[in-house]
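Chemist: Curious how this folds, go ahead:
(2 chains)
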Amino acid sequence: MKISVIITLKKDVLDPQGKVIHQALDGMGFNDVNEVRQGKYFEIDTKETNPKKAKDKVEEMCKKLLANLVIENYKIIDAQ
Amino acid sequence: MKSAVITFPGSNCDRDMDVALKKFGFSNKMVWHQDVELPKTDLVVLPGGFSYGDYLRCGSMASKSKIMQSVINFANSGGMVMGICNGFQILVETGLVPGVLLRNKYLEFICKNVFVKISNKDNSYFKNINNNILELHIAHNEGNYFCTKDQLKEIEDNAQIAINYCDQEGKIEEPFNPNGSIKNIAGIFNKEKNVLGMMPHPERMIDPSLSGDDGSIFFKNLINNLK
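Modeler: This is a model prediction of the structure:
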């Protein structure tokens, strides 16, 4: 099954890339943007067919490799 | 004195480090990242570069390399492990030193000489060094040292800050902070001070005719401390 994960920077971590993207959007005329935060998206195709087990495994992957928990949060957004 | 430099795919300061260590008297061995065991050594160096193309997060993939379990065991048993630049990024990803290295505040790759003040000499790396300030080279895109407030308190309580960015006179202030690092931190230790991670490259400052000589001061002192 396929598990989707997003990784985002924690609130109090500076995201200079997000800031620059915000400025660019501003310059393009998208004036009503409050803030932009950039993150990462992963699709993990696993042999596991039990959704609970698959999610647990992906959660372990997030903790051990995909996210750095000092600065990032992870969220499993989809499993199918 | 024996040293070992680990080469990861994408390391590019491994040879420079080998040259520097040998110049000051180390008998150095190069170790491939897929090796499982470290040779008998007094010092392990994780060199600068772009291990695994900086994929995912700088240093994250290298921190899971086969050799790293031996490096972690060596560090946990009191062995000296030094990570320079990408090596520092690898160290934070292993958790051997606290914090992370974020993208530089102004999103620029910074390549220039900086001054750093040695903030703690009560360790095998900087003990007996006469200088308080060194001029070293930095070259990085992700050197913006960050940690949580709790971690910072712990780092300060345990005197884990090794070096701070400063000016020629040793003033540690924001205008001399090249990359946005918390408290101008350029290098930190683990609690026990046997593991050192730092962004500046002492191995690039070992020849006055090429660059500068303050790296020589560091290496001469280091080998004397280990003898």
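
Chemist: Could you use CA atoms for every contact and neighbour count after this?
Modeler: Will do.

Chemist: Do a quick rundown of the strands in the chain.
Modeler: Picked chain A for this. A:2-9, A:40-45, A:72-79 (DSSP state E).

Chemist: meant chain B actually
Modeler: B:2-7, B:27-32, B:43-46, B:80-84, B:100-102, B:110-118, B:133-140, B:144-146, B:161-166, B:185-189, B:195-198.

Chemist: Quick check: the residue of chain B nearest chain A.
Modeler: B:Lys105 (6.3 Å; Cα to the nearest Cα).

Chemist: Spit out the contact partners of that residue.
Modeler: Going by Cα atoms under 8 Å, 6 or more residues apart in numbering or on different chains, B:Lys105 touches A:16, B:144, B:179-180.

Chemist: again, but for B:Ser124
Modeler: B:Ser124 sits next to B:193-194, B:222, B:225-226 when contact means Cα under 8 Å, 6+ apart.

Chemist: could you flag which of the residues you listed are buried?
Modeler: Among those, those classed as buried by 16 or more other Cα atoms under 10 Å in any protein chain shown are B:193-194, B:222.

Chemist: Excluding covalently adjacent residues, which one is nearest to residue 16?
Modeler: Answering for chain A, as no chain was given. Leaving aside its chain neighbours, A:Pro16 sits nearest to B:Lys105 (6.3 Å; criterion: Cα to Cα, 6 or more residues apart in numbering or on different chains).

Chemist: wait, chain B
Modeler: Nearest one to B:Asp16, counting by Cα to Cα, 6+ apart, is B:Glu203 at 6.2 Å.

Chemist: gap between B:Ala159 and B:Asn179?
Modeler: Separation of B:Ala159 from B:Asn179 (Cα to Cα, to the nearest Å): 22 Å.

Chemist: one step back: among the buried ones among the contacts of B:Ser124, which are located in helices?
Modeler: The helices, defined by DSSP state H, take in B:Leu222 from the buried ones among the contacts of B:Ser124.
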